[in-house]
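Asker: below is the sequence, then the predicted model.
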Amino acid sequence: MTTLSPRRRWSPAGQALHWLSAALILFMLGLGLVMVEFVEDPGRRFELYQLHKTCGAFVFLLLALRTAWRLFAVAPSPPATMPGHERLLSRTVHVVLYLMILAITLSGYVMISSSPLPLPVELPGGLAVPNLIAPDYGLSETMKTLHHRLAWVLLGLVALHVLAALKHHFWDRDDVLRQMLPLVRARREGRSPVDRPPGGGLPAAERGDR
Ligand code: HEM
Ligand code: HEM
């Protein structure tokens, strides 16, 4: 199975899960901010809240899928030139990003589930996520505050993550960003000694996306 061998780039499944979650989370950050801060019409606001909750359920689903995939996937090795402290920082930020996505979706769910006016999260096909928590105004307000703060922390971490990816691409000029992009070739064959078989790179037929 391809996911079990050392690889030069993230698999198509890994890339798809990354970019799909990234797009949805950026959309959620923007939608959350707009619906809370800028929309005054109550009907419009209600619709946007419902959309935000439904998309939140999909973020959770994607997170579950991605975590399951990640348990079996083999990540591309970091560039040989990347110092140990940067590798540690990068792994830490990635783990914290996963945890933040979990925390923000759970805080959102507990907030609306414990609300005195519990409106369930609507799903396509007339389905809904059941409200598992009894109405509790105090809990709902605490989760709202937490949700708002987590949104800012997540935004900060995403900004750091994006800056790091751009730094790798434009400053270090390595393949970290390229290996997360579809249809883009690596700058160098065999970025690190771990990737490079003895005697050079792979035959042309095996290069690129695996
Ligand atoms: C990746 C997931 C999520 C992100 C990035 C996100 C982001 C945000 C943001 C930025 C706000 C506005 C905060 C502010 O103005 O300070 C917000 C508000 C809100 N979110 Fe989320 N959210 C997510 C998931 C969820 C989920 C799963 C639910 C519920 C099932 C939810 C329910 C709400 C509600 C009800 C509000 C409005 C709270 C209020 O009235 O102030 N969110 N969210
Ligand atoms: C909401 C937005 C985003 C989130 C939540 C996010 C999250 C993540 C996470 C959790 C990983 C680690 C993958 C793993 O090891 O399992 C990752 C990897 C990566 N992300 Fe993002 N990402 C986002 C947006 C972006 C953007 C906009 C870029 C490019 C500018 C980017 C570039 C990368 C790259 C290059 C990697 C691979 C890093 C490596 O191989 O060490 N990400 N991302």
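Answerer: That came in fine, so what should we check first? Residues are numbered from 1 along each chain as shown. Ligands and ions are numbered 1, 2, ... in the order given.
Asker: what residues does this structure have near ligand 2?
Answerer: 18, 21-22, 25-26, 70, 75-76, 90, 94, 97-98, 158, 161-162, 165, 176-177, 180 (CB under 6 Å from any ligand atom). All C-beta atoms are positioned from the backbone trio N, CA, C, and that covers glycine.
Asker: 8 Å instead?
Answerer: 10, 14, 18-19, 21-23, 25-26, 29, 66, 70, 73, 75-76, 78, 90-91, 93-95, 97-98, 100-101, 154, 157-158, 161-162, 165-166, 168-169, 176-177, 179-181 (CB under 8 Å from any ligand atom).
Asker: find me the pLDDT at Thr92, would you?
Answerer: pLDDT recorded at Thr92 is 97.
Asker: list the buried residues in the one helix or strand it maps to.
Answerer: Assigning secondary structure by DSSP states H and E places Thr92 in helix 84-113. Residues 86, 90, 96-97, 100-101, 103-113 are the ones in helix 84-113 that count as buried (16 or more other CB atoms under 10 Å).
Asker: please state the offset of stretch 59-79 from the chain centre?
Answerer: Relative to its chain's centre, stretch 59-79 lies at 10 Å (CA atoms, centre = their mean, to the nearest Å).
Asker: nope, stretch 133-149 is what I was after
Answerer: Taking CA atoms, centre = their mean, the mean C-alpha location of stretch 133-149 is offset from the chain mean by 24 Å.
Asker: tell me what angle the helix or strand hosting Trp152 forms with helix 84-113.
Answerer: In this assignment (DSSP H and E), Trp152 forms part of helix 137-166. Angle of helix 137-166 versus helix 84-113, following axes from the mean of the first three to the mean of the last three CA atoms, to 10 degrees, is 150 degrees.
Asker: so which elements touch helix 137-166?
Answerer: Applying 3 or more CB pairs under 8 Å, 6 or more residues apart in numbering; DSSP states H and E, we find helix 137-166 packed against helix 12-37, helix 84-113.
Asker: brilliant, that's me finished.
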